[in-house]
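# The sequence isn't on hand, but the structure is:
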């Protein structure tokens, strides 16, 4: 019987989400017949290494989200300890978490990305860094943490700068109108396309994780040609970053001039949520893979390196 250490919690802004993900994963892996040891990760790195050393797991299931959990940091520790782990390796994790680096990879692969630029807080304080509407987002956060849409006539720039706590740089990106789509990928297989409908203006943190704040339309009710293109873009983005295991690509679908519309790749999440409202488990189930089977698949695909 494989012993699996489920790492959850962490110290990012997404800690609460990770606690839920980890608990659900641990429960599912026990159901699937694995010996499970849940390790709550905090700021004491020595305690984490000691727990992993004492546990001697065959595999670490990485259920951490956000900084230090999906940016290559915990992956590097597991590599050092020689413990196979789920999801992407150090390089792909770091690339995906760095929005500027990820977009460079996507553009080099010929994938559709929105016009964007790196800006400082001072740039934003002086004036709009690009024509409105545009999006300001942290370089290295997930779950839409810190994302702001700046629209025409918006006078919140000083407030945004004053309240910005995500480092000296931000990504300014042209706002793409239309619908929110997401595509899960397992290995080299794109699963399905989900449209996410919400009244929040965009798919923000609350819409992602508070029950009832968003609706998942699966399969997405879009033109078949656009549906197939979305699947292809997600698979290509997974390959462009060098991802392994599971990932999830987020896209915008601009159908304002009719269908099939324009698809724009926003980002790839190498640690998709595993909560009751999460999209990847929902798509896997849609394709005939129950939650416990999905978690087991991730464990069996775990490895060190790349």
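Happy to help now that I have it. Since this is a predicted model, take the numbers as computed values, not measurements.
# what residue lies at the spatial centre of the protein?
residue 269 (2.5 Å; CA atoms, centre = their mean).
# Which residues does the closest residue to it other than its chain neighbours form beta bridges with?
Spatially, and ignoring its direct neighbours in sequence, residue 269 is nearest to residue 248 (4.7 Å; CB to CB, 6 or more residues apart in numbering). C-beta: built from backbone N, CA, C; applies to glycine. Taking DSSP bridges as the rule, residue 248 bridges to residue 184, residue 269.
# Isn't residue 248 up against residue 280?
Yes. With contact defined as CB atoms under 8 Å, residue 248 counts as touching residue 280 (5.4 Å).
# Common neighbours of those two, please.
The contact sets of residue 248 and residue 280 overlap at 184, 272 (CB atoms under 8 Å, 6 or more residues apart in numbering).
# Residue 227 touches residue 220, doesn't it?
Yes. Taking contacts as CB under 8 Å, residue 227 lies within contact range of residue 220: 6.5 Å.
# so what's in contact with those two at the same time?
residue 193.
# burial measure for the residue nearest to residue 269, as a count.
The local packing of residue 248 (other CB atoms under 10 Å) involves 24 other residues.
# need the contact list for it.
Shown in contact with residue 248 (CB under 8 Å, 6+ apart): 182, 183, 184, 185, 234, 268, 269, 272, 279, 280.
# ditto for residue 148
Residues near residue 148 by CB under 8 Å, 6+ apart: 135, 136, 137, 156, 160.
# do the same with residue 223
Residue 223 touches 255, 259, 260, 261, counting by CB under 8 Å, 6+ apart.
# what's the answer for residue 280, then?
Residue 280 touches 184, 191, 246, 248, 272, 273, 274, 294, counting by CB under 8 Å, 6+ apart.
# Do you have the helices of the stretch 151-300 of the chain handy? List them.
Using DSSP state H, counting those that start in this stretch, the helices of the stretch 151-300 of the chain run over residues 157-163, 205-209, 224-241, 279-286, 291-300.
# Output those helices as TSV; include the columns mean pLDDT and distance to residue 32.
As requested, those are exported to TSV (pLDDT from 0 to 100; distance: least, CB to CB, whole Å):
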stretch	mean pLDDT	distance to residue 32
helix 157-163	77	44
helix 205-209	48	25
helix 224-241	98	24
helix 279-286	96	14
helix 291-300	96	4
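# Of all these, which one is nearest residue 172?
helix 157-163 (11.2 Å; CB to CB).
# any idea of the mean pLDDT for stretch 251-271?
Averaging the model's pLDDT scores along stretch 251-271 yields 94.
# Quick check: buried residues in that stretch?
Across stretch 251-271, burial judged by 16 or more other CB atoms under 10 Å covers 251-253, 255, 261-271.
# Same check on stretch 221-236?
Buried residues in stretch 221-236, defined by neighbour count with 16+ other CB under 10 Å: 222, 226, 227, 229, 230, 231, 233, 234, 235, 236.
# ditto for stretch 32-43
Using 16+ other CB under 10 Å as the test for burial, stretch 32-43 gives 32, 34, 36, 37, 38, 39, 40, 41.
# quick revisit: of all the contacts of residue 148, the one with the weakest confidence?
Among the contacts of residue 148, residue 156 has the lowest pLDDT, at 77.
# Just checking: what are the partner strands of whatever helix or strand residue 119 lives in?
Under the criterion of DSSP states H and E, residue 119 resides in strand 116-120. Strand 116-120 has these partner strands in its sheet, going by DSSP bridges: strand 169-174 (antiparallel).
# Need the contact partners of the strand it pairs with.
Taking CB under 8 Å, 6+ apart as the rule, strand 169-174 contacts 99-100, 114-121, 124, 129-131, 134-139, 164.
# Restricted to buried residues, select those in ChimeraX.
Per 16+ other CB under 10 Å, the buried members of the contacts of strand 169-174 correspond to this ChimeraX selection:
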select :99,116,119,121,124,129,130,134,135,136,137,138,139,164
